[in-house]
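In: next comes the sequence, and after it the predicted model I'd like to discuss.
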Amino acid sequence: MQQKFEQAMALFDQANSEDPNRITVDGKEWPKELLYSHRMSEMLSRYAPDTDDAMRLAIHAQHIQRWKTPRDSYPEGRQGYFQWRTGLYKFHAETAGRLMAEAGYDEASIERAKKAVGKKALKVNPDSQLLEDVADLVFIEHYMLEFAEKHPEYSEEKWLDIIRKTWAKMSTAAQEFALSGALKLPEPLVPLIQKAISGK
């Protein structure tokens, strides 16, 4: 089983290493989605270290080869955005499933991972909720401040709405983890986060 898991992870990393978009962190250049997958796995090891292999793979594959489905390949506007998101979920799930099969995983494990990566039955399927929790924790720790800097035009009310929507997608366990000191909150946004989740 360990050999299969390592082979699947290697296939995922190989696929994400093809990302032409590059990010430099602490002096090291990364393919963007390879870095994201490593951040997802690192967060999982902190948040739910006893997670089984099928879900460790699903969480590592959350954004697998995301650049192959660009936003501009769908119509503009809200409806186009949701079509793009739905298309992405399906693409990520199918790609993860194909690579897991290549590594020798059985159909049951593949379907379970695909269901989670495809964000199926959120709030009902514990696997999908775990993936959502980890994705939201990674967003808060690594990407929320960067997102804020890209959108200086957003009002405080808009930001409170974004934070509240993110918070609402998380389980109670993930919310508690975020406030426990185990998550590195983006310092400049802490007052805003506290205001958003206090409901004031």
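Out: Nice, I can see it. Numbering: from 1, shown residues only.

In: from now on I want contacts and neighbour counts done on CA atoms only, so please keep to that.
Out: Noted.

In: which helix or strand contains the residue most central in space within the chain?
Out: Centrality entry for the chain: nearest residue to the mean C-alpha point is residue 135, 3.3 Å, by C-alpha atoms, centre = their mean. Applying DSSP states H and E as the criterion places residue 135 in helix 126-138.

In: same question for residue 33.
Out: Per DSSP H and E, residue 33 falls inside helix 32-47.

In: got the CA positions of that helix in PDB?
Out: Extracted as PDB, the C-alpha positions of helix 32-47 are listed here (Å, rounded to 0.1, in the frame of the first residue of the first chain):
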ATOM      1  CA  LYS A  32       2.300  27.200  -8.700                       C
ATOM      2  CA  GLU A  33       0.100  24.200  -8.400                       C
ATOM      3  CA  LEU A  34       2.900  22.000  -7.100                       C
ATOM      4  CA  LEU A  35       3.400  24.500  -4.200                       C
ATOM      5  CA  TYR A  36      -0.300  24.500  -3.600                       C
ATOM      6  CA  SER A  37      -0.500  20.700  -3.400                       C
ATOM      7  CA  HIS A  38       2.400  20.600  -0.900                       C
ATOM      8  CA  ARG A  39       0.700  23.300   1.200                       C
ATOM      9  CA  MET A  40      -2.500  21.300   1.200                       C
ATOM     10  CA  SER A  41      -0.700  18.100   2.400                       C
ATOM     11  CA  GLU A  42       1.300  20.100   5.000                       C
ATOM     12  CA  MET A  43      -1.900  21.600   6.400                       C
ATOM     13  CA  LEU A  44      -3.600  18.200   6.500                       C
ATOM     14  CA  SER A  45      -0.700  16.800   8.500                       C
ATOM     15  CA  ARG A  46      -1.300  19.500  11.100                       C
ATOM     16  CA  TYR A  47      -5.100  19.500  11.100                       C
END
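
In: who does it touch, helix- and strand-wise?
Out: On a contact count with 3 or more C-alpha pairs under 8 Å, 6 or more residues apart in numbering; DSSP states H and E, helix 32-47 meets helix 2-16, helix 53-60, helix 126-138.

In: residue ranges for the strands of the protein, please.
Out: Using DSSP state E, the strands of the chain run over 22-25, 28-31.

In: what helices and strands are in contact with the last one?
Out: In this case it means strand 28-31. The contact analysis (3+ C-alpha pairs under 8 Å, 6+ apart) places strand 28-31 against strand 22-25.
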